[in-house]
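>>> Would you be able to build a 3D model of this:
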Amino acid sequence: QVQLVESGGGLVQTGDSLRLSCAASGRTFSNYAMGWFRQAPGNEREFVTSISRNGGITNYADSVKGRFTISRDNAKNTVFLQMNSLKPEDTAVYYCAASASALTTPRARALYNYWGQGTQVTVSS
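Next comes the predicted model:
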């Protein structure tokens with residue numbers, strides 16, 4: 001089992017920045033690709049970004065490319081999501097997830113084995 005706990009969400013204004021963190025415990029963190037997803041009210045949970053086991057390869061949804069950056073610190077069992085130039089449409093609950101998939105940077109929800117409880121990000125206009 002892997003336990004994931006997100007933090008860092010909050011209420012910000014358009015154009016502001018936020019940094020989310022996800023602390024992992026349990027099995028060896030570096031054995032998992034990590035991802036961030038988000039879910040707005042009435043919408044499906046959607047892929048935001050993912051990062052390979054060693055942090056060398058990343059994958060982004062088009063909607064966040066150039067604004068969001070995923071990173072990880074395997075020594076601290078933590079994955080980060082730096083969000084810049086936030087827009088109202090970024091408002092959602094953000095979830096981190098761990099994947100044991102053979103894919104380097106999986107995008108599909110079904111490929112993720114463990115999920116955090118989520119942290120709310122609200123961007124006001």
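
>>> For the residue most central in space within the chain, which residues are in contact?
Centroid-nearest residue in the chain, with C-alpha atoms, centre = their mean: residue 36, separated by 2.1 Å. Contact analysis of residue 36 by C-beta atoms under 8 Å, 6 or more residues apart in numbering lists 20, 22, 48, 49, 50, 70, 79, 81, 94, 95, 96, 97. In this view, the C-beta of every residue, glycine as well, is placed from N, C-alpha and C.

>>> go again using 10 Å as the cut-off
6, 20, 22, 47-51, 60-61, 64, 68, 70, 79-81, 83, 94-97, 116 (C-beta atoms under 10 Å, 6 or more residues apart in numbering).

>>> So which residues of the chain form helices?
Under the criterion DSSP state H, the chain carries no helices.

>>> Where do the strands of it begin and end?
Using DSSP state E, the strands of the chain run over 2-7, 10-13, 18-26, 33-39, 46-51, 58-60, 68-73, 78-83, 92-99, 114-115, 119-124.

>>> Quick one: mean pLDDT for the longest one?
Translated: strand 18-26. The average pLDDT for strand 18-26 rounds to 96.

>>> Output the contacting helices and strands for it.
In terms of contacts (3 or more C-beta pairs under 10 Å, 6 or more residues apart in numbering; DSSP states H and E), strand 18-26 is packed against strand 2-7, strand 10-13, strand 33-39, strand 68-73, strand 78-83, strand 92-99, strand 119-124.

>>> likewise the last one?
Helices and strands touching strand 119-124, as assessed by 3+ C-beta pairs under 10 Å, 6+ apart, comprise strand 2-7, strand 10-13, strand 18-26, strand 78-83, strand 92-99.

>>> what about the ones you listed, which gets the closest to residue 109?
Closest approach to residue 109 among those is made by strand 92-99 (7.8 Å; C-beta to C-beta).

>>> pLDDT below threshold where in this structure?
For the chain, applying pLDDT under 70 flags no range at all.

>>> gap between the closest residue to residue 67 other than its chain neighbours and residue 75?
Nearest residue to residue 67, sequence neighbours excluded (C-beta to C-beta, 6 or more residues apart in numbering): residue 85, at 4.7 Å. The gap separating residue 85 from residue 75 is 29 Å, by C-beta to C-beta, to the nearest Å.

>>> Perfect, I'm done here.
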